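> Any chance you could fold what I've pasted below:
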Amino acid sequence: MSPNLALFPVAPTRKEAEMDALIVCEDGQLTSHLRRVLRLRWPDLELNEAHSEHDARRVLAGNPPTLLFVSTAGDGIDAIRFIRDV
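Model prediction:
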């Protein structure tokens, strides 16, 4: 059984060539798989990872990404609250 992911466009007005994404997930294997899938669709996509809610908030405070992928299955990330806060 694989964890669920939620996709939320954060800044949908950017051009595809300028797109970047943040993956918020505690599971390194899932993160790696998602990276591979995203690279197939958008080879030039700038990908960043956060393995905790704290790290994700730090990244989001600096430069919000175009796309945000949040795992809804981890124990350390309250995904629904996190997404509401963003």
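
> From here on, just use CA atoms for contacts and neighbour counts.
Fine.

> Could you report the separation of the nearest residue to residue 35 once chain neighbours are set aside from residue 31?
On the basis of C-alpha to C-alpha, 6 or more residues apart in numbering, the spatially nearest residue to residue 35 that is not a chain neighbour turns out to be residue 47, at 7.5 Å. Distance from residue 47 to residue 31, counting by C-alpha to C-alpha, to the nearest Å: 11 Å.

> Helix or strand, whichever it is, which one in this protein has the lowest mean pLDDT?
strand 5-9 (a mean of 53; mean pLDDT, DSSP states H and E).

> State the next helix or strand along the chain beyond it.
Sequence order places strand 20-24 as the next helix or strand after strand 5-9, per DSSP states H and E.

> Tell me which residues of the following helix or strand past that next one come out buried.
Taking DSSP H and E as the definition, the helix or strand that follows strand 20-24 towards the C-terminus is helix 28-41. Under the neighbour-count criterion of 16 or more other C-alpha atoms under 10 Å, helix 28-41 has 30, 31, 35 buried.

> coming back round to it: contacting residues for the residue nearest to residue 35?
The neighbours of residue 47, taking C-alpha atoms under 8 Å, 6 or more residues apart in numbering as the test, are 20, 21, 22, 23, 35.

> neighbour-wise, which of the residues you listed leads?
Among these, the one with the most neighbours (other C-alpha atoms under 10 Å) is residue 23, at 24 neighbours.

> Can you give me the distance of that one to residue 46?
When residue 23 is compared with residue 46 (using C-alpha to C-alpha), they lie 11 Å apart.

> Tell me the bridge partners for the spatially most central residue of the chain.
Against the mean C-alpha coordinate of the chain, by C-alpha atoms, centre = their mean, the closest residue is residue 23 at 2.4 Å. When bridges are taken as DSSP bridges, the partners of residue 23 come out as residue 49, residue 69.

> isn't it right up against residue 31?
Yes - using C-alpha atoms under 8 Å, residue 23 makes contact with residue 31 at a distance of 7.0 Å.

> Can you work out which residues contact both of the two?
When contacts are counted by C-alpha under 8 Å, 6+ apart, residue 23 and residue 31 are jointly contacted by residue 49.
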